[in-house]
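Colleague: Predicted model and sequence below, questions to follow.
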Protein chains: 2
Amino acid sequence: MKIGDRHYRSIWLSEDDETVEIIDQTRLPHELVIASLASLEDAAVAIETMQVRGAPLIGATAAWGFALAMAADSADEAVATTRDRLIRTRPTAVNLRWAVDRCVAGLARLPQGERRDAARSIALAVCDEDVAINAAIGEQGSRLLLDIVSRGSLDRPLSILTHCNAGWLATVDWGTALAPIYRTHDAGIPIHVWVDETRPRNQGASLTSWELMSHGVPHDVIVDNAGGHLMQHGLVDVVITGTDRVSAAGDVCNKIGTYLKALAARDNGIPFYVALPSPTIDWTVKDGREIPIEERAAEEVTHITGCDDEGVTRRVRLTPEKASARNFAFDVTPSRLITGLITERGVCPASVSGLGALFPEMAE
Amino acid sequence: MKIGDRHYRSIWLSEDDETVEIIDQTRLPHELVIASLASLEDAAVAIETMQVRGAPLIGATAAWGFALAMAADSADEAVATTRDRLIRTRPTAVNLRWAVDRCVAGLARLPQGERRDAARSIALAVCDEDVAINAAIGEQGSRLLLDIVSRGSLDRPLSILTHCNAGWLATVDWGTALAPIYRTHDAGIPIHVWVDETRPRNQGASLTSWELMSHGVPHDVIVDNAGGHLMQHGLVDVVITGTDRVSAAGDVCNKIGTYLKALAARDNGIPFYVALPSPTIDWTVKDGREIPIEERAAEEVTHITGCDDEGVTRRVRLTPEKASARNFAFDVTPSRLITGLITERGVCPASVSGLGALFPEMAE
């Protein structure tokens, strides 16, 4: 999508044709910094430190990490160690494993001399496919939003609540949850987005707000506590989030706090949709409770980074000194709370049969 | 309660016997600053700027504001203007109106010359009664916690989740939701508290954590998004919050986000209690949806204050420049989601008949 006049993806092959460039998402919204990845280790650290985040972009970065690794060493052992290094970066998003498995499957059977070029082709394909998938999600989801508009008798813009960042920064381009929003806005339909700030790490306040502002989509940032109140008062027409991993039965693992919004949507009769590319589906897990939940550093809760009045980025402590904190990164929303899953092939119920009907080749 | 070795209340008559002193809660947890209130305007501004907050403490501060006003001018007109100034400070907490009405009722019928001393007596009484009420809430609530301990077969400390700050800083002493926690901890029962950081204004991270740490109660700060996940995983045994206003039918208006935690408690079969002194009950309102919800400045969402590594308190912006935000301060949890109300007279169902049985003299 655009930043000012220039079109960006969130990850791309640099002009030197060797290194990979990303937008360093830990610096947004205060600074737009392009970081360069020159090695497997650079890519792995970028995932671990969340310079890149969002399940689809983690997958794409892993694929590029594989390509960078193969450019340095394409021996059988390197394929195995690259796989292990990447899988270790973050435990929850399944796109990571999907992309790494795809690389391993595509490379292991090739002669060593062909692996470098092949890995690069796979990375390029993963990125291009992600863009195409998200464009399709945008189309499917936009149809759904137009349905809500045409059914209702709204005397105000269609009001959508989203949690975390599932925009183009979380993918290679377009986004998942935000793709339908961009497409509907671009079609001239009046919409307004409630942006959960999304503690910790504030991906809503720092990334979603920045994306929507860059694209001119009307929105308001709210604290994560506010969504229930807004829904009680008829100020939300639909909730759309992304996801880091969906079980084969439609349970949705996503940024911590998603479950609370799904409960509030259910309590107030508001549709709750989750937008996802099919590589986010973990066909090996049925019960979402089996998905491993990453626990991250307490400092993400006790400290926060912002920009002071002089434009200097500063990190400050919010809690008393030596306060203890816990930091669970994700939660699982059970399928019973989900109105539908928006995929590149269409919208389906969050269930084994719903997903199976759209992806019969995967569902055994 | 204690800060180090010294016992504090949150508001007290200064040694000069004329001004009133408070702990400036906007400076915690990074600095312990005592502020002096010398006039009605000082008291009103302290409430508006949240140097004091928490429904019971707002009521106590209003009573002291009345006393300061009467010391300057005790004419009939001053009684009326004092009332109006104080009522205007914040719309949601009903203790404010309760305390102001009590002052007006107690003063209006007195000769002008007696009003100064009488107002002071009322303020002292409001404070002492609040302490006694909260001590009783602590006793009632502690019995309830001991019941949960004795019924369960916990292989870990009793785990309590709380939202916002309903500790001694929100009252004159003891607190409402935290009173049972202090009492249970003091009785030697192993407990652990999950402290919602409570955006915006972070009363959990800055006040509840500071209080519990000062008193030695084991706890962890979590983001407001985390409670649902903890409840899904059996890590919360009971939720206790305070409230800013309870309707006669038991609907609970409290800090924004309380409703989401009540939904999660219900979804996971976890008891959800609200602790309150009877002046927090608004007998004139049945349906909690009629309670006015304060909307505060967007800067409380877009900006945050913390302490940098050099110990300097700094305010930083979290959102992109010029991002739009909305800031609803409270929400209403419907009585159907509340297991019980913990009052100074006992624990009752959140209903007209429940409250009526405990407070028959108020319920018509």
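Modeller: Thanks, I have the structure now.
Colleague: Quick check, pLDDT for the residue most central in space within chain A.
Modeller: Taking C-alpha atoms, centre = their mean, the centroid of chain A lies closest to residue A:54, which sits 3.0 Å from it. We have a pLDDT of 96 for residue A:54.
Colleague: you'd agree it is up against residue A:173?
Modeller: No - applying C-beta atoms under 8 Å as the test, residue A:54 and residue A:173 come out as separate, 11.6 Å apart. C-beta: built from backbone N, CA, C; applies to glycine.
Colleague: And the residue in the stretch 1-150 of chain A that chain B sits nearest to, how far from residue A:209?
Modeller: Here the stretch 1-150 of chain A gets closest to chain B at one residue, residue A:29, 3.9 Å apart by C-beta to the nearest C-beta. According to C-beta to C-beta, to the nearest Å, residue A:29 and residue A:209 sit 7 Å apart.
Colleague: before we move on, what about residue A:104?
Modeller: Look at residue A:104 and residue A:209: by C-beta to C-beta, they are 38 Å apart.
Colleague: now do residue A:356
Modeller: In terms of C-beta to C-beta, residue A:356 sits 37 Å off from residue A:209.
Colleague: residue contacts, the residue nearest to the residue nearest to the centre of chain A when sequence neighbours are not counted?
Modeller: Spatially, and ignoring its direct neighbours in sequence, residue A:54 is nearest to residue A:170 (2.4 Å; C-beta to C-beta, 6 or more residues apart in numbering or on different chains). Contacts for residue A:170 were tallied using C-beta atoms under 8 Å, 6 or more residues apart in numbering or on different chains; they are A:10, A:53, A:54, A:55, A:56, A:57, A:176, A:207, A:242.
Colleague: C-terminal to the worst-scoring helix or strand of chain A on mean pLDDT, what's the next element?
Modeller: Least confident helix or strand of chain A, by mean pLDDT, DSSP states H and E, is strand A:2-3 with a mean of 85. For strand A:2-3, the following helix or strand on the C-terminal side (DSSP states H and E) is strand A:6-7.
Colleague: can you list the residues that contact the helix or strand hosting residue A:95?
Modeller: Per DSSP H and E, residue A:95 falls inside helix A:94-108. Contacts to helix A:94-108, defined as C-beta under 8 Å, 6+ apart, come from residues A:47, A:55-56, A:58-60, A:62-63, A:66, A:70, A:74, A:76, A:79, A:82-83, A:86-87, A:89-90, A:115, A:118-119, A:122-123, A:126, A:244-245, A:277, A:279-282.
Colleague: hmm, back to that, compare neighbour counts for residue A:104 and residue A:209 and give me the winner.
Modeller: Neighbour count, other C-beta atoms under 10 Å in any protein chain shown: between residue A:104 and residue A:209, residue A:209 has more, with 30 against 16.
Colleague: Look up how far chain B lies from that one.
Modeller: Applying C-beta to the nearest C-beta, to the nearest Å, the value for residue A:209 to chain B is 5 Å.
Colleague: Can you check what pLDDT the model gives that residue?
Modeller: In this model, residue A:209 is scored at 98, pLDDT.
Colleague: Over to residue A:364?
Modeller: On the pLDDT scale, residue A:364 gets 64.
Colleague: Could you pull out the strands in the stretch 201-350 of chain A for me?
Modeller: Using DSSP state E, counting those that start in this stretch, the strands of the stretch 201-350 of chain A run over A:219-222, A:238-241, A:245-247, A:252-255, A:272-275, A:281-282, A:303-307, A:313-317, A:330-333, A:340-343, A:346-348.
Colleague: got it, and the stretch 1-150 of chain A?
Modeller: Using DSSP E, counting those that start in this stretch, strands in the stretch 1-150 of chain A cover A:2-3, A:6-7, A:11-13, A:20-23, A:34-37.
Colleague: What subset of the contacts of helix A:94-108 is buried?
Modeller: Buried subset of the contacts of helix A:94-108 (neighbour count, 16 or more other C-beta atoms under 10 Å in any protein chain shown): A:47, A:55-56, A:58-60, A:62-63, A:66, A:70, A:74, A:79, A:82-83, A:86, A:89-90, A:115, A:118-119, A:122-123, A:126, A:244-245, A:277, A:279-282.
Colleague: Which positions in the stretch 51-200 of chain A make contact with chain B?
Modeller: Neighbours of chain B within the stretch 51-200 of chain A, by C-beta under 8 Å from any C-beta of the partner chain: A:197, A:198, A:199, A:200.
Colleague: Can you add pLDDT and give these back as CSV?
Modeller: Listed next are these as CSV, based on pLDDT from 0 to 100:
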residue, pLDDT
A:197, 98
A:198, 98
A:199, 98
A:200, 98
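Colleague: Can you list the low-confidence ranges for chain A?
Modeller: A:364 (pLDDT under 70).
Colleague: quick one: the helices in it?
Modeller: Taking DSSP state H as the test, the helices found in chain A are A:40-48, A:55-72, A:76-87, A:94-108, A:112-151, A:178-186, A:203, A:209-215, A:227-232, A:258-267, A:299-302, A:352-358.
Colleague: Let me see the contact set for residue A:197.
Modeller: By C-beta under 8 Å, 6+ apart, the contact set of residue A:197 is A:204, A:205, A:221, A:222, A:223, A:224, B:199, B:301, B:318, B:319.
Colleague: ok, the last one - how many residues close by?
Modeller: Applying other C-beta under 10 Å, we find 26 residues neighbouring residue B:319.
Colleague: burial of residue A:13, as a residue count?
Modeller: Neighbour tally, residue A:13, other C-beta under 10 Å: 16.
Colleague: how about it, what does it touch?
Modeller: Residues in contact with residue A:13 (C-beta under 8 Å, 6+ apart) are A:19, A:20, A:21, A:124.
Colleague: May I ask which of the residues you listed has the most neighbours?
Modeller: Ranking these using other C-beta under 10 Å puts residue A:20 first, with 24 neighbours.
Colleague: There's contact between that residue and residue A:36 in this structure, I believe.
Modeller: Yes - under the criterion of C-beta under 8 Å, residue A:20 makes contact with residue A:36 at 7.4 Å.
Colleague: joint contacts of those two?
Modeller: Between them, residue A:20 and residue A:36 share the contacting residues residue A:14, judged by C-beta under 8 Å, 6+ apart.
Colleague: thinking again about what came up before, and the least confident helix or strand of chain A, what other elements does it pack with?
Modeller: helix A:209-215 (3 or more C-beta pairs under 8 Å, 6 or more residues apart in numbering or on different chains; DSSP states H and E).
Colleague: what sits up against the helix it packs on?
Modeller: A:1-4, A:28-29, A:165, A:167-169, A:175, A:178, A:181-182, A:185, A:193, A:195, A:218-219, A:221, B:319-320, B:322-323.
Colleague: Could you turn the buried ones of the residues you listed into a PyMOL selection?
Modeller: Listed next is the PyMOL selection for buried residues among those, using 16+ other C-beta under 10 Å:
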select buried, (chain A and resi 1+28+29+165+167+168+169+175+178+181+182+185+193+195+219+221) or (chain B and resi 319+320+323)
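Colleague: thinking again about what came up before, show me what contacts the residue of the stretch 1-150 of chain A closest to chain B?
Modeller: Residue A:29 touches A:205, A:206, A:207, A:209, A:210, B:319, B:320, B:321, B:323, counting by C-beta under 8 Å, 6+ apart.
Colleague: Looking at those residues, which is nearest residue A:149?
Modeller: The closest of the contacts of residue A:29 to residue A:149 turns out to be residue A:209 (C-beta to C-beta; 23.3 Å).
Colleague: Pull up the gap between the closest one and residue A:32, please.
Modeller: From residue A:209 over to residue A:32 (counting by C-beta to C-beta), the distance is 14 Å.
Colleague: Was I right to think residue A:136 contacts residue A:342?
Modeller: No - using C-beta under 8 Å as the test, residue A:136 is too far from residue A:342 to be in contact (9.7 Å).
Colleague: pretty sure residue A:349 contacts residue A:343?
Modeller: No - when contacts are counted by C-beta under 8 Å, residue A:349 is not listed as touching residue A:343 (11.6 Å).
Colleague: In terms of neighbours, single out the busier of the two.
Modeller: More crowded of residue A:349 and residue A:343, by other C-beta under 10 Å: residue A:343, with 26 against 16.
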